[in-house]
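Student: sequence and computational prediction follow.
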Amino acid sequence: MITLAIAEDHQSLVDGINLLLEYEEDISIVGMANDGEALLEIVRKKQPKVVLTDIKMPKIDGIAATKLIKKEFPDTKVIAFTMFDQDAAVSQMIAAGASGYLLKNSALEEVLHAIHAVVKGEEFFDSALDISSVKDNTATTAKKPILSKSEREILNLIGQGKSTSEIAAVRFTAVSTVEKHRKNMIRKLGLSGKGELLRYALERKYDF
């Protein structure tokens with residue numbers, strides 16, 4: 001039996017996938033989440049064989065969630081299911097450990113094909129993607145962190161529970177500089193605010 005977890009912030013799409021797969025005898029949906037934080041909870045409790053996840057999600061984005069999943073459960077296969085067809089997004093998901101990448105405008109039957117492919121140890125990429133050029137850049141993407149060195153250091157301090165003023169004092173810099181770094185990190189990581197940045201820092205404290 002192929003156990004599957006789905007993460008997607010549009011419930012109607014989750015319902016559509018669920019409807020597509022509910023009569024598949026070899027697939028069992030063990031959890032559905034509307035944000036990356038809830039997805040991680042499902043994966044840690046249910047340990048599904050396959051995860052189907054959006055990239056742009058509240059609390060923890062799909063790229064960060066994929067990295068965490070693959071670190072804790074390396075045998076779990078991850079498939080991106082997203083509207084983003086940019087090479088950078090595909091490269092980052094591949095570098096994070098994804099085995100497949102589907103666009104949301106593809107037929108839902110493609111989801112079924114992708115699930116069976118990754119379970120067999122294969123990769124599955126949407127036919128609309130120029131995957132050859134993407135893969136040429138993936139090694140570089142994997143080595144290039146999203147956040148700068150200063151941002152990663154500040155994220156580490158945020159994860160330790162330090163306030164903006166405390167971080168400024170530790171780094172011998174202005175409070176406004178720390179605030180600027182916070183805003184940049186929120187933008188780069190696709191988060192909604194300081195609360196989500198703190199949650200992200202706590203989840204990522206193993207690897208800055």
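Tutor: Received, thanks.

Student: break the chain into its domains for me.
Tutor: According to automatic domain parsing, the chain comprises the domains 2-142, 149-203.

Student: for these, give me a markdown table that also has mean pLDDT and mean neighbour count.
Tutor: Backbone N, C-alpha and C define where each C-beta goes, glycine included. Compiled in a markdown table, the domains of the chain are given as follows (pLDDT from 0 to 100; neighbours: other CB atoms under 10 Å):
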| stretch | mean pLDDT | mean neighbour count |
| --- | --- | --- |
| domain 2-142 | 87 | 18 |
| domain 149-203 | 87 | 16 |
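
Student: can you pull out the helices in this structure?
Tutor: For the chain, helices defined by DSSP state H occupy the ranges 11-21, 36-46, 62-72, 87-96, 108-119, 131-143, 149-159, 164-171, 175-189, 194-203.

Student: quick check, central residue of this protein?
Tutor: Centroid-nearest residue in the chain: G62, 1.7 Å away (criterion: CA atoms, centre = their mean).

Student: mind listing what it touches?
Tutor: G62 is in contact with A7, G36, T53, D54, I55, K56, A80, T82, M93, counting by CB atoms under 8 Å, 6 or more residues apart in numbering.

Student: could you rerun that using 6 Å?
Tutor: Applying CB atoms under 6 Å, 6 or more residues apart in numbering to G62 gives the contacts T53, D54, I55.

Student: now, those that are in strands?
Tutor: Under the assignment DSSP state E, the contacts of G62 contribute T53 to strands.

Student: ok, of the contacts of G62, which one's closest to T177?
Tutor: Distances from T177 to the contacts of G62, taken as CB to CB, are shortest for I55 (29.5 Å).

Student: for E72, which non-adjacent residue is spatially closest?
Tutor: R44 (7.2 Å; CB to CB, 6 or more residues apart in numbering).

Student: and that neighbour, how close does it get to K70?
Tutor: 13 Å (CB to CB, to the nearest Å).

Student: please apply the same query to A107.
Tutor: To K70, A107 is 27 Å away according to CB to CB.

Student: cool, and N105?
Tutor: N105 is 26 Å from K70, by CB to CB.

Student: I appreciate the help and will end here.
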